[in-house]
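> Predicted model, plus sequence, below.
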Amino acid sequence: MQNPASIDEVVTRLASTGYVCARPLATVVFLALRLGRPLFLEGEAGTGKTEIARALALTLGRRLIRLQCYEGLDASTAVYEWNFAAQMIAIRTAEAQGTPDRKALQQDLFGPDFLIERPLLQAMRPDPAGAPVLLIDELDRTDEPFEAFLLEALSDFQVTIPELGTITAPEPPIVILTSNRTREVHDALKRRCLYHWVDYPDFDCELDILQTRAPGLADTLSRQIVGFVQALRTEDIFKKPGVAETIDWAKCLLALDVIDLSPQVISDTLGAILKYQDDIARIQGSEAKRLLEQARAMPVPT
């Protein structure tokens with residue numbers, strides 16, 4: 001499928017996958033596709049950074065390849081590994097059949113048949129559907145040496161395997177990097193990308209998202225949920241709930257056949273939106289009642 005021809009088309013096509021996209025984000029997505037630049041999305045956890053990569057891959061009809069980052073991730077693990085178990089079996093088989101040709105055996109052992117391709121190498125391979133969407137998720141969890149390697153890989157869209165040589169992407173992948181900003185990512189990497197801060201949505205946008213992702217909710221309950229979560233984010237708590245938690249909570253309330261929020265219902269289901277006991281203890285009781293009153297007092301559009 002062809003890339004969107006306009007910003008409005010980005011909004012429409014992402015909406016068709018269930019992703020409600022504000023125009024500033026749609027603009028930077030459009031530019032990333034038009035200019036062939038990596039897109040760096042930064043923001044709090046649960047604000048939809050990862051989801052936009054899935055939605056984009058779906059609307060473009062492209063394969064989604066995800067590299068989940070973690071502390072200690074190194075270049076070789078992100079690119080490839082050798083299948084050592086299969087190599088050992090091949091060695092023993094060759095020995096059982098007689099004295100092996102060591103040079104030929106070595107070439108076979110370090111050939112494509114024993115290569116395990118990891119996300120970065122997979123993204124460099126040709127694909128009949130077009131260049132894949134490469135999601136490099138939670139980059140801030142990695143170390144600076146991996147950032148330096150990634151900077152080089154994204155500059156040339158090629159990786160080197162000592163035993164096989166350099167592999168260059170025939171068509172650069174669509175790259176989306178995300179960060180929850182647990183640490184600062186180096187400026188050199190950011191300069192290679194188009195940047196966008198993904199913030200918590202306003203009331204109307206979050207209501208649209210909730211009605212899209214949990215269509216079985218009554219309008220009144222949807223407004224109460226969004227109003228409560230929006231009020232909750234203004235409180236002094238350790239971890240503010242993201243949009244993902246709003247959707248999870250709504251689905252929990254649907255499963256419980258709740259038609260109207262109450263302090264008791266909130267107390268029973270706070271674990272769907274708050275993930276730390278100190279936060280839950282702070283919000284239960286009178287605080288939950290106060291926030292619910294704020295949510296109910298929000299004006300309903302006519």
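Looks like it came in fine.

> and the end-to-end length of stretch 237-248?
19 Å (CA to CA, to the nearest Å).

> Other residues contacting that stretch?
For stretch 237-248, the external contacting residues (CB atoms under 8 Å, 6 or more residues apart in numbering) are 44-48, 200-201, 206, 209-210, 213-214, 225-226, 229, 232-233, 249, 272-276, 278-279, 282-283. The way it works is simple: take the backbone N, C-alpha and C, and place the C-beta from them, glycine included.

> Show me how far that stretch is from its chain's centre.
Offset of stretch 237-248 from its chain centre (CA atoms, centre = their mean, to the nearest Å): 16 Å.

> Just the buried residues of that stretch, please?
By neighbour count on 16 or more other CB atoms under 10 Å, the buried set for stretch 237-248 is 237, 240-248.

> State the pair within these that is farthest apart.
I237 and I247 (19.0 Å; CB to CB).

> re earlier: could I have the ChimeraX command that selects the buried members from the contacts of stretch 237-248?
Per 16+ other CB under 10 Å, the buried members of the contacts of stretch 237-248 correspond to this ChimeraX selection:
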select :44,45,46,47,48,200,201,206,209,210,213,214,225,226,229,232,249,272,273,274,279,282,283
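
> ok, and what's touching stretch 97-106?
Residues outside stretch 97-106 that contact it (CB under 8 Å, 6+ apart) are 90-91, 94.

> After the lowest-mean-pLDDT helix or strand in the chain, heading C-terminal, what element do we hit next?
When the helices and strands of the chain are scored by mean pLDDT, DSSP states H and E, helix 102-109 comes last with a mean of 77. Counting by DSSP states H and E, the next helix or strand C-terminal to helix 102-109 is strand 115-117.

> What strands line up against that next one, and which way round?
Taking DSSP bridges as the criterion, strand 115-117 pairs within the sheet with strand 80-82 (antiparallel).

> mind listing what Q264 touches?
Counting by CB under 8 Å, 6+ apart, Q264 makes contact with nothing.

> what do you get if the cut-off is 10 Å, keeping everything else the same?
By CB atoms under 10 Å, 6 or more residues apart in numbering, Q264 lies in contact with 288-289.

> now swap in A55 and tell me
13-21, 29, 48, 64, 133.

> Can you flag which of the buried residues of stretch 237-248 belong to strands?
Using DSSP state E, no member of those falls within strands.

> Buried residues, the least confident helix or strand of the chain. List them.
108-109.

> Residue ranges in this structure under the pLDDT threshold?
Filtered on pLDDT under 70, the chain yields the residue ranges 99-100, 299-302.

> Please enumerate the strands of it.
Under DSSP E, the chain gives strands at 39-43, 64-68, 80-82, 115-117, 133-137, 158-161, 165-168, 174-179, 194-198.

> What strands flank the fifth one, and is each parallel or antiparallel?
Spelled out, that is strand 133-137. Strand 133-137 is paired, per DSSP bridges, with strand 64-68 (parallel), strand 174-179 (parallel).

> quick one, the longest one and strand 194-198 angle?
Per axes from the mean of the first three to the mean of the last three CA atoms, to 10 degrees, the angle that strand 174-179 makes with strand 194-198 is 50 degrees.

> what distance separates strand 174-179 from the centre of its chain?
Centre to centre, stretch against its chain (CA atoms, centre = their mean), the figure for strand 174-179 is 8 Å.

> and the angle for it with strand 39-43?
Going by the same axes, to 10 degrees, strand 174-179 is angled at 20 degrees with respect to strand 39-43.

> Please apply the same query to the shortest one.
Orientation check (the same axes, to 10 degrees): strand 64-68 against strand 39-43 gives 50 degrees.

> what comes up buried for strand 64-68?
Across strand 64-68, burial judged by 16+ other CB under 10 Å covers 64-65, 67.

> just those residues now: which is nearest W82?
Nearest to W82 among those, with distances taken as CB to CB, is L67, at 18.8 Å.

> Is it correct that that closest one is in contact with R141?
No: L67 is beyond contact range of R141, at 11.2 Å (criterion: CB atoms under 10 Å).

> mind listing what E171 touches?
Each residue near E171 by CB under 10 Å, 6+ apart is listed here: 36, 124, 126-127, 130-132, 157.
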